[in-house]
Structures are given as C-alpha cells and as structure tokens.
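Peer 1: predicted structure and sequence below. I'll ask about it afterward.
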Amino acid sequence: MQDTIEGPVHGAAPQDRGRVLLLEDDPLLAKCFGQLLVTLGVADVAIAHTNAAAIDIIEGSGIVAAFVDVSLGLETSAKTAHALTRRGIPFAFVSGRPPSDALTRSFPQALSLTKPARKARIEEVLGLLEYRKP
C-alpha cells in the first residue's frame, strides 16, 4: 500500500526539494510524519507501508531522500535500504531505538532518527539528507 501527501499545507512555505519516500508500517504515524515533512517544505511525500511498496516507489519515481522505519512488523527495512543504496539515494533510519550494529555496518552512510523526534531534529535530518552523498 502506498499513499502520497502533497503540499502546500496551511502556512507552509513549499520548496521544490524533490520527492521524499517515507517507509512506515503504522498508517497513523506515516500520515502524521508525512504531513510534518510537507510543513517543512517537502512538496511530495510518497508513503509506503511495506518493503515491496517502497521498492516500487523507488523504482518508479524520482525519490531524492528517504526516511525508513527500521522495524516493519516481522521484517526489517533492509531490502529498502539496499535499494536506496544501489541508487545513491540518501536516507535516514527511523526507530524507537538505535539501529543495530549490523544495520550500521551495512549502511554506514545512513543517518539515524530516534522516535519520537522533535520537529527541529526532523528538519535537521531532512537538510542533511538533501546534501549528503552515499
């Protein structure tokens, strides 16, 4: 399943930063996080709830950055992280706890965002993702 949230939102100053992928298995969290990204100037947020949906989005559109929930029910988001890495798309792992050593070793270029995160920290990571090269 995939959704898209497009800006602008009331009071937002949209900027053409490109499309951002948000992989989050909890639909309510995904919608809230996606709307926050729009208020931070992201014009188009593509939301996926599974690795398969995320990979379809990556392969079919101009994703410039991604926020990737580490735990997706019974699986991790490693498949999506590999797809992003192969395409040179910068991303941040999002989790309620720090990523495992195995993920950190496999994806040293990935940033990390711990849930719950403050708006200022999300904005900081978004800015780093826009200019970071894998």
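Peer 2: Thanks, I have the structure now.
Peer 1: and the strands in the chain?
Peer 2: Across the chain, reading from the start of the chain, the strands by DSSP state E fall at 2-6, 15-23, 42-48, 63-69, 71-72, 75-76, 91-95, 111-114.
Peer 1: worst average pLDDT in the ones you listed?
Peer 2: Mean pLDDT values for these show the minimum at strand 2-6, a mean of 51.
Peer 1: if we can go back for a sec, and of the strands of the chain, who's closest to Leu129?
Peer 2: Minimum separation from Leu129 across the strands of the chain (CB to CB) falls at strand 63-69, 3.9 Å. Quick note: C-beta positions are derived from backbone N, CA and C, even for glycine.
Peer 1: between strand 91-95 and that closest one, find me the angle.
Peer 2: Between the axes of strand 63-69 and strand 91-95, defined by axes from the mean of the first three to the mean of the last three CA atoms, to 10 degrees, the angle is 20 degrees.
Peer 1: so strand 63-69 versus strand 42-48, what angle?
Peer 2: For strand 63-69 and strand 42-48, the angle between their directions (the same axes, to 10 degrees) works out to 50 degrees.
Peer 1: can you tell me the strand partners of strand 63-69 and which way each runs?
Peer 2: Paired with strand 63-69 in the same sheet, following DSSP bridges, are strand 15-23 (parallel), strand 91-95 (parallel).
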